[in-house]
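Student: I need the structure of the sequence given here:
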Amino acid sequence: MGKKKIIFYMPSFEGGGVEKNVILIANFFCLKNFNISIITTSKKIKRKFSNNVKIINPKSAFWDKKSRFFKYLICLGVLFKEFIKDKNFRVLCFQGNISCILFCKILGIDIVVRPNSSPVGWSNNFIKKKIFSFVLKLANKIVVNSFSFKNELRKQFNLKSICIYNPLNIEEIKKYSKKKISFNFFRNNTLNIISVGRLVEQKDHLTTLKAVNKVKKKINLKVLIIGDGDRKSELLDYINRNKLKNIIKIFNRIENPYPYILKSNVMILSSKFEGLPNVLLEALALKKFIISSNCSTGPSEILDNGKGGLLFKVGDYLDLKKKILYYKNNPKLCFIKKKHSLSRIARFNYLKNLKRYLNLFKEI
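Tutor: Got it, this is the predicted structure:
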């Protein structure tokens, strides 16, 4: 009997947490004797995958520079070409869920979808909400990465889903964190804060900048933001206008941010919504304290409703300012909180959660 074939639909690799999950899951499935292909427009990802993972790209690199909408369209065309060659496969979709579900249902392909962020990001639009609700029900299975995400889908849309946490490979993170870097921005006598994430509206880095601007006279601190995105010029403008150049640095996206996280004291996440933010898990793997927005979904679940870190109201920079001051003034209490989070990190063990993906596909 031949290997079971699964096509991962991931039109755009952009360096976030979902990409890391795709790589881990695909490589693990190959080890378990599955035939794995990745459909994507991204051309520079092959080295991240096992040699047994087949990368299927459009012939032209033209599409890799286009918007997600066009990437979804061309990758559906690539998926159709694969269907013409061999109809015996299933799809695991990480992006463009709605279009990919409809496409697969028309062709009679079994599909598992894995939405990446809370419905808060799209449920405010009535028409969009109705479309998502109707189409998601057509998928064979829906996988989400937090129980709060699962509960939102059930309460708001009456959708059943399966929660599988992001697989976290702690040993690999520790290994890559040891890479030597030339980085003298953080100081021994400063509170060193890091934030890693795309510079887009969802991540709301501006709230972090505003909080730092308010607290800069009370604490000697340094802040490093790592990421790329369409809000970069807005953030740089704020830094310049408020004379924060000596306090805040923005680095372009770095493939291996772990050495920088290791040198920090605190990880801040200021997102408006998430699924289960990988960057918080990575910070915990490196034993860093976390201050996060209490956004839907994920941070509160990771931090056990604040027992394992500090949560602030979404978009409230004054609340974030208070949390930064709290961390500075209450080191013993914050150490206890961090210790609590570290005692709970086994929930995200990568082998445990990868096996859950494996069992899911064995059932279909």
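Student: for the rest of this, base every contact and every neighbour count on C-alpha atoms.
Tutor: Noted.
Student: pLDDT score for Pro167?
Tutor: Predicted confidence (pLDDT) for Pro167: 92.
Student: OK, contacts around it?
Tutor: Residues in contact with Pro167 (Cα atoms under 8 Å, 6 or more residues apart in numbering) are Asn21, Leu24, Phe348, Asn349, Tyr350, Leu351, Lys352, Asn353, Leu354.
Student: so how far is Ile173 from the residue nearest to it when sequence neighbours are not counted?
Tutor: Computed as Cα to Cα, 6 or more residues apart in numbering, the closest residue to Pro167 that is not its neighbour in sequence is Tyr350, at 3.7 Å. Distance of Tyr350 to Ile173, given as Cα to Cα, to the nearest Å: 12 Å.
Student: then Val279?
Tutor: 11 Å.
Student: what do you get for Asp64?
Tutor: 28 Å.
Student: what does Leu102 give?
Tutor: Noted for Leu102: a distance of 37 Å to Ile173, by Cα to Cα.
Student: which stretches of the stretch 151-300 of the chain form helices?
Tutor: 170-177, 205-215, 232-241, 258-263, 278-285, 299-302 (DSSP state H, counting those that start in this stretch).
Student: which other helices and strands does the next helix or strand after the shortest one contact?
Tutor: Scanning forward in sequence from helix 299-302 by DSSP states H and E, the next helix or strand is strand 310-312. Using 3 or more Cα pairs under 8 Å, 6 or more residues apart in numbering; DSSP states H and E as the contact criterion, the elements in contact with strand 310-312 are strand 289-293, helix 317-329.
Student: can you list the helices and strands that the last one packs against?
Tutor: Meaning helix 317-329. If you count contacts as 3+ Cα pairs under 8 Å, 6+ apart, helix 317-329 packs onto helix 205-215, strand 310-312.
Student: highest mean neighbour count out of these?
Tutor: strand 310-312 (a mean of 23; mean count of other Cα atoms under 10 Å).
Student: average model confidence for stretch 247-256?
Tutor: Averaging pLDDT residue by residue across stretch 247-256 gives 93.
Student: now it: buried residues?
Tutor: Across stretch 247-256, burial judged by 16 or more other Cα atoms under 10 Å covers Ile247, Ile248, Lys249, Ile250, Arg253.
Student: for Gly227, give me its contacts.
Tutor: Val196, Gly197, Arg198, Leu199, Ile250, Phe251, Asn252, Arg253, Ile254.
Student: now do the contacts for the residue nearest to it when sequence neighbours are not counted.
Tutor: Excluding its sequence neighbours, the residue lying closest to Gly227 (Cα to Cα, 6+ apart) is Arg253, at 4.1 Å. Counting by Cα under 8 Å, 6+ apart, Arg253 touches Gly15, Arg198, Ile226, Gly227, Asp228.
Student: before we move on, back to that, for the contacts of Pro167, which single residue is the most surrounded?
Tutor: Leu354 (23 neighbours; other Cα atoms under 10 Å).
Student: surely that one meets Ile25?
Tutor: Yes: with contact defined as Cα atoms under 8 Å, Leu354 counts as touching Ile25 (6.3 Å).
Student: need phi/psi at Lys54.
Tutor: Per-residue torsions, Lys54: phi -90, psi 120 (degrees, to the nearest 10).
Student: correction: the previous question concerned Ser133.
Tutor: Dihedral pair for Ser133: phi -60, psi -50, per degrees, to the nearest 10.
Student: what about it, distance to Asn97?
Tutor: 12 Å.
Student: same drill for these two, tell me which one is more crowded.
Tutor: Shown here are Ser133 and Asn97; by other Cα under 10 Å, Asn97 has more neighbours (24 against 18).
Student: which residue packs closest to the more buried one, ignoring adjacent ones?
Tutor: Excluding the flanking residues, the one nearest Asn97 by Cα to Cα, 6+ apart is Val113, at 6.4 Å.
Student: what number of residues lie near the one you found?
Tutor: Val113 has 25 nearby residues by other Cα under 10 Å.
Student: which element is Val143 on?
Tutor: Here Val143 is assigned to strand 141-144, by DSSP H and E.
Student: who does that strand pair up with?
Tutor: Its sheet considered, strand 141-144 pairs with strand 111-113 (parallel), strand 162-163 (parallel) by DSSP bridges.
Student: hey, which helix or strand in this structure has the poorest pLDDT?
Tutor: Within the chain, no helix or strand scores below helix 126-136, which has a mean of 83 by mean pLDDT, DSSP states H and E.
Student: could you say what helices and strands that helix packs with?
Tutor: helix 97-107.
Student: swap in 10 Å and give it another go.
Tutor: Secondary-structure packing of helix 126-136 (3 or more Cα pairs under 10 Å, 6 or more residues apart in numbering; DSSP states H and E): helix 97-107, helix 147-157.
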